[in-house]
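Student: Could you look at this predicted model? Sequence included:
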Amino acid sequence: MADVLYTNVRIFDGGGEAPFTGDVLVQGNTISRVVKTAHGQRLPPSSSMIAGAQVIDAGGAFLMPGMVEAHTHFSWNDQPSLDAIQRMPPEEHILWCAEVAKKYLDMGWTSCVGAAAAKPRLDVVIRNAINDGTIVGPRYLAASQEITVPGGLGDTTQPHLPQPEFAFGAIVSGAEEMRRCVRMFAKYGVDSLKINLSGESITGMPGEMSQFTEEEIRVCVEEAKAWGKRVAAHARSAWSVKQCVKQGIEVIYHASFTDEEALDMLEAKKLEHFVAPGLAWLINTSHHASQWGLTPEVTKKMGYHRELEAAIDSMKAMRKRGIRILPGGDYGFAWTPHGTNAKDLEYFVRHVGMSTMEALLSATAWGGPMMKMGKRIGYIREGCLADLLLIDGDPLADITVLQDKARILSVMKDGQWHRAPPVRNARATRWAA
Amino acid sequence: MADTLFTNVRILDGTGTQPYAGSVLVSGNRIRQVGRSTAPITPGGATVIDGAGATLMPGMVEAHTHFSWNDAASLGAIQAMPLEEHVLWCAKVARRYLEAGFTSCVGAACAKPRLDVVIRNAIESGQIPGPRYLAASQEITVLGGLGDETLPHLPFPEFSFGVNVCGADEMRKAVRLFLKYGVDSIKLNLSGDNFTPQSPAETTWMLDEEVAAAMREVKIRGKRGIAHARSSDSVKQALRHGIDLIYHASFVDNEALDMLEAAKDRVFVAPGIAILYAMLHEAEPFGITNAMATQMGYQIEWDAALESLSKMHKRGIRVLPGGDYGFAFTPHCQNARDLEFFVKYLGFTPMEAIRATTVYGGQIMMRGHELGAVKDGFLADLLLVDGDPLANLSILRDPKRILAVMKDGVFAKSPAMASQRAWGQAA
């Protein structure tokens, strides 16, 4: 692909400063020049530099780094139950995942962190297929299935149907079963292990309950680290959040219930952890799932309203302490369909008290380390990888524009157009109309 | 999608009529009008594609397709691909066939039980792009026959490329399972194949009871039986049991020819001769020299097949192109090469070769009344080709010469057009 020069763009560079007007030159897969032009601070790239480049005159549109989804489940299939996800046969399931991967890129998520797959190899296969060009999709870190205990979140077997194939998660009991399970997923080639440390109210085990023994968790982390893998935890309860800090589980999903001790522990190691609360699940399960039989009365009884309040309080407290809270999470259920993930940024602004700038940074600058890519993505700076979104509108003024595909004028990943801006084709051909 | 009008095209309609200049209006998913005048049809609201003299012909039909063969050099290597990767491979190949101009494909067997069915369903639901597709079962074979890839110390069915059955009851069960999965056709390996030396091409393996049991189940559900039949005995066995799609038919004696001719209104033969040629002349990079291929029996089969197929063609038996692309020596999407082989080796005229992949193709898709020709009311599966395929069939396997592919009224590959619209932020 030819080099690309964006001219006349408002650049949000991921550094937290106000956007500036300028030009951005992409060569190969890298951002090679970023120039402020509004006040003549620097000269625009010389004509020799841009010779042959495709010039995109953006007319003042907003250029920002591609977004990073911190808690992605490609294999959740927009169904209302874990069982309905699990029941999809593997052949259909992999095609579904491929379709969803493309959808995320369509919506501006140029990187996604897999947070668990519904069958053992789905995430790994999709990551590999994206990397070798078989399918299109974001940069992706592949997760294991959810590792859980008998009766815990993810155990969807029934007494008369005890076969492991019926389970949504991988069920272990005891340290040695845990070790075997982690090794199996490591063999399959996952980037991270997902462990369900706490319950989940909709499955009958409340979110405040924690089912694993410390020994089982220790073995999980020990094995994962021996293989160079990351561990991520479903951790709604305060105990489970503390376990994450204590045992070195880097990625903490949910963290709805926290006490002072948990917050202090997290704050003390705030650069070693990421929190992705997945507020969309709590908000929409509590208030927008009546169509699927989960009326507010039902979900209140389940405890989701109380958990939502607790989660908002926890996130506010974490934000004040400078703990990194990232967007994304648990999209892929019937009432949180894939592709609507940018709502998380709106929730951060509306419920957690973030500024629109903080919300944007949570999806960009913090996304790089979440992807284990440091500062190579998440910024528009010279030398960074060219993951770029051109937005019609100003997300700093209205964060919801990022939810609208029509406002995302173009998506570039690794210097390649996933969706090019509509430009005029100057070449006429003999088949022209 | 908006209606489309192709103007200034040379229409090669598939029926055997010499090409003529004209215009074709597509409305919805059907050809609404074929104009034989140089004065174009009034476009109305249709998008106008000025063909500037390019050839407009029916989409091609591949009569013997294996999406799940993964361009590997052995059955074992195809089988060893894990399920998830295999599905994505099939999806990718389906898209490539469509873009190469094959708007319909007849599945001839898949390498794992549900691959063909799932791909067909995903194409039909619009989830992935691909040709119209008839989904096949795995190859059903007998112990030791073509497709039995188990090893003595690894007897597990998952190791097998095909499904191994022994006896009428096991056959019935295997067929019922595939019918439950939703296949359009059941593939039976009646003969051996020189590719698997333990079961060479001229051997015939199945009992009549086994074939009869399979075909009873197939007929009850209104599906189709299809056969791998290289030997003369296997061709006759297929015909005796009402199998109307015969793959290969390399060795046929006079009795078999007479039986084929007697059934020619219902029978299709898709020989897949490319693999025979490739094994003899193009497999050396993969370790199979001409001497080895000859030793395996490929020269004898090649000679026999040319004679058999030429005779069939003379007797008016429908012989169709396509077959066994998807091996290392016959990679996917070179399939149109079969048309050249038909002319060069089987005595076809170029027009007959085109008819075999278009009009006969519609018939093998079981939609001869609406598929395979550029005719009023037919389904709009169309190719716009740069050049004259009758003068040079090889242009049909050159992606650059396939200017546009339309399936069901929608472009799968759009013709290059200058945009009339400028955009506010355009460069």
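Tutor: Everything's here; your move. Keep in mind that what you see is a predicted model, and the values were worked out from it rather than measured.

Student: Specify the beta-bridge partners of the spatially most central residue of chain A.
Tutor: In chain A, the residue lying closest to the centroid (C-alpha atoms, centre = their mean) is residue A:69, at 1.9 Å. Residue A:69 has these beta-bridge partners by DSSP bridges: residue A:112.

Student: Touching, it and residue A:104? I think so.
Tutor: Yes: at 6.6 Å, residue A:69 counts as touching residue A:104 under the criterion of C-beta atoms under 8 Å. Quick note: C-beta positions are derived from backbone N, CA and C, even for glycine.

Student: Give me the common contacts of the two.
Tutor: A:112, A:138, A:341 (C-beta atoms under 8 Å, 6 or more residues apart in numbering or on different chains).

Student: Nearest residue to the second one in space, ignoring adjacent ones along the chain?
Tutor: Translated: residue A:138. residue A:112 (4.7 Å; C-beta to C-beta, 6 or more residues apart in numbering or on different chains).

Student: Return the set of buried residues in stretch A:194-207.
Tutor: A:194-203, A:205-207 (16 or more other C-beta atoms under 10 Å in any protein chain shown).

Student: Now residue A:185: closest residue in space that isn't a chain neighbour?
Tutor: The shortest distance from residue A:185 to any non-neighbouring residue, by C-beta to C-beta, 6+ apart, is to residue A:144 (3.8 Å).

Student: Does that neighbour lie in a helix or a strand, and which?
Tutor: Using DSSP states H and E, residue A:144 sits within strand A:143-148.

Student: And the helices in chain B, which stretches?
Tutor: For chain B, applying DSSP state H gives helices covering B:75-79, B:83-99, B:115-124, B:168-181, B:208-220, B:232-240, B:254-262, B:273-281, B:290-296, B:298-314, B:337-346, B:350-357, B:359-364.

Student: for the ones you listed, which one sits closest to residue A:256?
Tutor: Checking these against residue A:256 by C-beta to C-beta gives helix B:83-99 as the closest, at 33.4 Å.

Student: What is that closest one packed up against?
Tutor: Other helices and strands packing on helix B:83-99, by 3 or more C-beta pairs under 8 Å, 6 or more residues apart in numbering or on different chains; DSSP states H and E, are helix A:90-106, helix A:122-131, helix B:115-124, strand B:402-407, strand B:410-413.

Student: Using the record's assignment, carve chain B into domains.
Tutor: Under the assignment automatic domain parsing, the domains of chain B span B:4-59+B:373-413, B:60-364.

Student: May I have the distance across the last one, first residue to last?
Tutor: Right, domain B:60-364. 12 Å (C-alpha to C-alpha, to the nearest Å).

Student: List just the nearest of the shared contacts of residue A:69 and residue A:104 to chain B.
Tutor: Comparing those against chain B with C-beta to the nearest C-beta places residue A:138 closest, at 16.3 Å.

Student: so how many other residues sit close to residue B:300?
Tutor: 16 (other C-beta atoms under 10 Å in any protein chain shown).

Student: Kindly apply the preceding question to residue A:16 instead.
Tutor: 12.

Student: Can you name the residues that contact residue A:399?
Tutor: Residue A:399 touches A:345, A:346, A:349, A:356, A:359, A:360, counting by C-beta under 8 Å, 6+ apart.

Student: Mind doing that once more with 6 Å?
Tutor: Neighbour list for residue A:399: A:345, A:346, A:349, A:356, A:359 [criterion: C-beta atoms under 6 Å, 6 or more residues apart in numbering or on different chains].

Student: re earlier: quick check: mean pLDDT of the strand holding residue A:144?
Tutor: The average pLDDT for strand A:143-148 rounds to 98.

Student: CA atoms only for it, dumped as PDB, please.
Tutor: Extracted C-alpha coordinates of strand A:143-148, given in PDB (Å, rounded to 0.1, in the frame of the first residue of the first chain):
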ATOM      1  CA  ALA A 143      -7.500 -16.100  25.900                       C
ATOM      2  CA  SER A 144      -8.300 -19.500  27.300                       C
ATOM      3  CA  GLN A 145     -11.700 -20.600  28.300                       C
ATOM      4  CA  GLU A 146     -12.900 -19.500  31.700                       C
ATOM      5  CA  ILE A 147     -11.300 -21.800  34.300                       C
ATOM      6  CA  THR A 148     -13.800 -22.400  37.100                       C
END
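
Student: Return the list of helices and strands in contact with that strand.
Tutor: On a contact count with 3 or more C-beta pairs under 6 Å, 6 or more residues apart in numbering or on different chains; DSSP states H and E, strand A:143-148 meets strand A:170-171, strand A:192-196.

Student: Do a quick rundown of the strands in the stretch 1-150 of chain B.
Tutor: Along the stretch 1-150 of chain B, the segments classed as strands by DSSP state E, counting those that start in this stretch run B:4-11, B:20-27, B:30-35, B:47-50, B:55-58, B:60-65, B:102-107, B:132-134, B:136-142.

Student: Quick one: neighbours of residue B:244, just the number.
Tutor: Residue B:244: 16 neighbours (other C-beta under 10 Å).

Student: Double-check it against residue B:267; I have them as touching.
Tutor: Yes: contact criterion C-beta atoms under 6 Å: residue B:244 and residue B:267 qualify, at 5.2 Å.

Student: hmm, back to that, model confidence at the residue nearest to residue A:138, what's the number?
Tutor: For residue A:112, pLDDT reads 98.

Student: Make sure it is actually in contact with residue A:68.
Tutor: No: using C-beta under 6 Å, residue A:112 is not in contact with residue A:68; the gap is 7.3 Å.

Student: where's the nearest residue to residue B:97 once chain neighbours are set aside relative to residue B:94, distance?
Tutor: Nearest residue to residue B:97, sequence neighbours excluded (C-beta to C-beta, 6+ apart): residue B:131, at 5.4 Å. Applying C-beta to C-beta, to the nearest Å, the value for residue B:131 to residue B:94 is 7 Å.
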